[in-house]
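Quick one: sequence plus predicted model below, questions after.
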Amino acid sequence: SWGYGPKNGPDHWHEMGFPIAKEGARQSPIEIKSQEAKYDCNLKPLNLSYDPASSKSISNTGVSIQVDFDDCSDRSVLTGGPLCGKYRLRQFHFHWGACDGHGSEHVIDGKNFAGELHLVHWNAEKYSCFGDAVKAPDGLAVIAVFLKVCDSNPALQKIVCSLECLKSKDSKSEFKDFSPCSLLPSCLQYYTYLGSLTTPPLCESVIWLVLKEPVTIGADQIAKFRCLEFGPNDPMVNNYRPPQPSKCREIRKNFE
Ligand SMILES: CC(=O)NCCCCOc1ccc(NC(=O)Nc2ccc(S(N)(=O)=O)cc2)cc1
Ligand SMILES: [Zn+2]
């Protein structure tokens, strides 16, 4: 099935059952040109209310490392920003490169970061389950945080330590009492635009919230991400989709 290799990677997804990859009007990620983003004074600050007790497990999904949350009630929710309603945190995961010079999905003014963290939320006020929300134009809200290789990040250490037992595809461990807030930068200024999932099925249901401030990851920490595997003897690296045509979409920002 789809992946990030030479035969099943992003350039092949349109011929693997996901024509939207080529035909879509709001595909993600995109290149963000900061000067073209429009400051909108009506954009509210992001309001995150995460219950650390709602984290459940961490798994190697075969395409990323993912932490899943209990989204059966409003325990960890995102409100504010451009959003109408309450969006429940379902999972977060990462994208990264084989080397520090690339690995992020969104690109800012031509700059690629070493990786990118995605916190995936769904509109539980309007839709009854994730599966319904993922098909709706306002169904999902994903916060994107750039990872910059610099000092080691203590907030990532619990994740990094769990990777040793998650090398293989479909491996899974318990992962309790983790606060996703700890992964966020102190400044929550953001760019926002309407886009899609960046992996198949590439549903055009995501309100993207791309934080301006990156967080750090240590060279030793990202090295451990690169020891994970897509499959046997197939290192999990470069699990990112490159920027897609903007198709004259408006990008707004909540800061001047
Ligand atoms: C054509 C077709 O086949 N349609 C089928 C629709 C049914 C829904 O299928 C789905 C849709 C989504 C999921 N789970 C996800 O959490 N996906 C996901 C993918 C990428 C991101 S990212 N990187 O943050 O943009 C975030 C979340 C599972 C099944
Ligand atoms: Zn992602």
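Perfect, I can see it now. Ligands and ions are numbered 1, 2, ... in the order given.

Contacts only, for Val134.
Residues in contact with Val134 (C-beta atoms under 8 Å, 6 or more residues apart in numbering) are Trp122, Leu140, Leu197, Cys203, Ser205. Heads up, the C-betas are built off the backbone N, CA and C, glycines and all.

Please disregard the earlier target; I meant Leu166.
By C-beta under 8 Å, 6+ apart, the residues touching Leu166 are Ile58, Ser59, Asn60, Ile65, Lys172, Ser173, Leu228.

one step back: which one of the contacts of Val134 sits closest to Gln221?
Proximity of these to Gln221 (C-beta to C-beta) peaks at Leu197, which lies at 26.0 Å.

picking up where we left off before, now the contacts of Val134 as TSV including secondary structure, pLDDT and neighbour count?
Putting the contacts of Val134 into TSV (DSSP: H, G, I helix; E, B strand; the rest coil; pLDDT from 0 to 100; neighbours: other C-beta atoms under 10 Å) gives the following:
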residue	secondary structure	pLDDT	neighbour count
Trp122	strand	98	27
Leu140	strand	99	26
Leu197	coil	99	21
Cys203	coil	99	19
Ser205	coil	99	25
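
which one of these is nearest ligand 1?
Closest approach between the contacts of Val134 and ligand 1, by C-beta to the nearest ligand atom: Leu197, at 3.8 Å.

Show me what Glu229 bridges to in the sheet.
Using DSSP bridges, the beta-bridge partners of Glu229 come out as Pro235.

still on that earlier bit, strands - which of the contacts of Leu166 land there?
Using DSSP state E, the members of these that fall within strands are Ile58, Ser59, Asn60, Ile65, Lys172, Ser173.

Now a PyMOL select for only the buried ones of the residues you listed.
Selecting only the buried entries of the ones in strands among the contacts of Leu166 in PyMOL, with 16 or more other C-beta atoms under 10 Å as the criterion:
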select buried, resi 58+59+60+65
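
which residue sits closest to Gly17, ignoring its sequence neighbours?
Nearest residue to Gly17, sequence neighbours excluded (C-beta to C-beta, 6 or more residues apart in numbering): Pro200, at 7.5 Å.

now that neighbour: how far from ligand 1?
From Pro200 across to ligand 1, the span is 7 Å (C-beta to the nearest ligand atom, to the nearest Å).

can you pull the contacts of that residue?
Contact analysis of Pro200 by C-beta under 8 Å, 6+ apart lists Trp2, Trp13, Met16, Gly17, Phe18, Ala21.

Ok, Thr192 next?
Thr192 makes contact with Leu43, Gly81, Pro82, Ile207, Trp208, Leu209, Val210, Ile251, Arg252, Lys253, Asn254, according to C-beta under 8 Å, 6+ apart.

Against ligand 1, how distant is the fifth one?
In other words, Trp208. To ligand 1, Trp208 is 8 Å away according to C-beta to the nearest ligand atom.

just the last one next, same as before
With distances taken as C-beta to the nearest ligand atom, Asn254 is found 20 Å from ligand 1.

Number of residues surrounding that residue?
The number of residues packed near Asn254 is 23, by other C-beta atoms under 10 Å.

longest helix anywhere in the protein?
helix 154-162 (DSSP state H).

Can you list the buried residues in that helix?
Going by 16+ other C-beta under 10 Å, helix 154-162 has these buried residues: Ala155, Leu156, Lys158, Ile159, Val160, Ser162.

Same check on stretch 71-83?
Quick answer for stretch 71-83 (16+ other C-beta under 10 Å): Asp71, Asp74, Arg75, Ser76, Val77, Leu78, Thr79, Gly81, Pro82, Leu83.

likewise stretch 84-96?
Of the residues in stretch 84-96, those buried (16+ other C-beta under 10 Å) are Lys86, Tyr87, Arg88, Leu89, Arg90, Gln91, Phe92, His93, Phe94, His95, Trp96.

Distance of the third one relative to ligand 1?
Spelled out, that is Arg88. Arg88 is 12 Å from ligand 1, by C-beta to the nearest ligand atom.
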